[in-house]
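Novice: The sequence isn't on hand, but the structure is:
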């Protein structure tokens, strides 16, 4: 009898404790009415019933609201709607996602208008003070051919000089002066200094004889202004480069084969362009996020033209005046995957 009474008393004491645990469990499992679940901005496959940290990266979980899921479902469900019985087409709302303004601030989202820009490109070439004994000999052979008056030998010598990188204008100058240019191979007091630079084959089409440039030493100190006098006529198979012959505008006290840097700045004209920071490079295509008139962010595939430093020319996919996301689009892409069920939405 005594043991039975003791058991009853213990049960009575545990009832309040069990009720507290039950209430806490209900409170812990319950979600706000407008929240579907919590997920990680970087790992949308994580779905939790309560706030906390991502088990993969430790980032704070963010709520996914039910109304977002519903609106996404409606957008998907209405994808083929908008046609009446007579075949007319209503103006459809662009697909995309709408992000709360507080969330855009949180991910540091910034936009910039697409416009026509004065594009230019700057790059450095590696070079050296010219020293080419073979070219010196070829010039001397040409002068001997001119002296002999042998037409076939003259033509053959001219072709050899052209093949070795001298422009036709330069060859005519040698013919006129009847003098081999020693300064082209060995620095000569009182004569302009000549250099050889090596262009990657993709840059050759951007340059031509007369292109202005700047010459620097290996410590990036400017030595002189200069210009391209001639371009080589073939690509070196090992380095995949083409030789450029460059003349400084004054004499420099440098020894043969001294290494230099050649800085080229090329105006490229006015083109429709966006910052490189706006582009998501996705292997087989390039994408940007555009802010629509309704405030949604829509993914668009774009085709790129000229590479101009911090900008890319846009040849297809965007129009002047559209607003593209230039910062925060990586998190934007994650946000899209969260709200679109793990798939980024984009338009062609």
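Specialist: Arrived safely. Fair warning: this is a prediction, and the values are worked out from it, not measured in the lab.

Novice: tell me the secondary structure for residue 32?
Specialist: Under DSSP: H, G, I helix; E, B strand; the rest coil, residue 32 falls in the coil class.

Novice: unless I'm mixing things up, it is touching residue 63, no?
Specialist: Yes - the criterion here is Cβ atoms under 8 Å, and residue 32 meets it with residue 63 at 7.5 Å. All C-beta spots, glycine's among them, are computed from the backbone N, C-alpha and C.

Novice: out of the two, which sits in the more crowded spot?
Specialist: Ranked by neighbour count (other Cβ atoms under 10 Å), residue 32 and residue 63 place residue 63 first, with 15 against 9.

Novice: low-confidence ranges in this structure?
Specialist: 1-31, 33, 41-45, 66-107, 182-183, 185, 283, 328-348 (pLDDT under 70).

Novice: Relative to residue 304, how far out is the most centrally placed residue in it?
Specialist: Geometric centre of the chain, nearest residue: residue 276, 4.6 Å, by Cα atoms, centre = their mean. Remark: distance between residue 276 and residue 304 (Cβ to Cβ, to the nearest Å) = 9 Å.

Novice: Likewise for residue 228?
Specialist: Relative to residue 304, residue 228 is positioned 27 Å away (Cβ to Cβ).

Novice: okay, the two: which has more neighbours?
Specialist: Relative neighbour count places residue 228 above the other of residue 228 and residue 304, with 22 against 17, counting by other Cβ under 10 Å.

Novice: Touching both of residue 276 and residue 304, which residues are there?
Specialist: residue 312 (Cβ atoms under 8 Å, 6 or more residues apart in numbering).

Novice: check contacts around residue 228.
Specialist: Shown in contact with residue 228 (Cβ under 8 Å, 6+ apart): 207, 208, 209, 210, 211, 213, 244, 245, 246.

Novice: neighbouring strands for the helix or strand residue 64 falls within, and are they parallel or not?
Specialist: If you go by DSSP states H and E, residue 64 is part of strand 62-65. Partner strands and pairing direction for strand 62-65 (DSSP bridges) are strand 35-39 (antiparallel).

Novice: any chance you could map the helices in the stretch 201-348 of the chain?
Specialist: With helices called from DSSP state H, counting those that start in this stretch, the stretch 201-348 of the chain shows them at 329-339.

Novice: can you give me the strands for it?
Specialist: Residue ranges of the strands in the stretch 201-348 of the chain, as given by DSSP state E, counting those that start in this stretch, are 212-216, 222-231, 241-248, 259-275, 280-281, 286-291, 297-308, 311-316, 323-327, 346-347.

Novice: tell me what the fourth one is packed against?
Specialist: Here strand 259-275 is seen to pack against strand 115-129, strand 194-200, strand 212-216, strand 297-308, strand 311-316, strand 323-327 when contacts are counted using 3 or more Cβ pairs under 8 Å, 6 or more residues apart in numbering; DSSP states H and E.

Novice: Any chance of a markdown table for the strands of the stretch 201-348 of the chain, columns distance to residue 112?
Specialist: Below are those laid out as a markdown table (distance: least, Cβ to Cβ, whole Å):
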| stretch | distance to residue 112 |
| --- | --- |
| strand 212-216 | 31 |
| strand 222-231 | 34 |
| strand 241-248 | 36 |
| strand 259-275 | 6 |
| strand 280-281 | 15 |
| strand 286-291 | 10 |
| strand 297-308 | 14 |
| strand 311-316 | 11 |
| strand 323-327 | 5 |
| strand 346-347 | 19 |
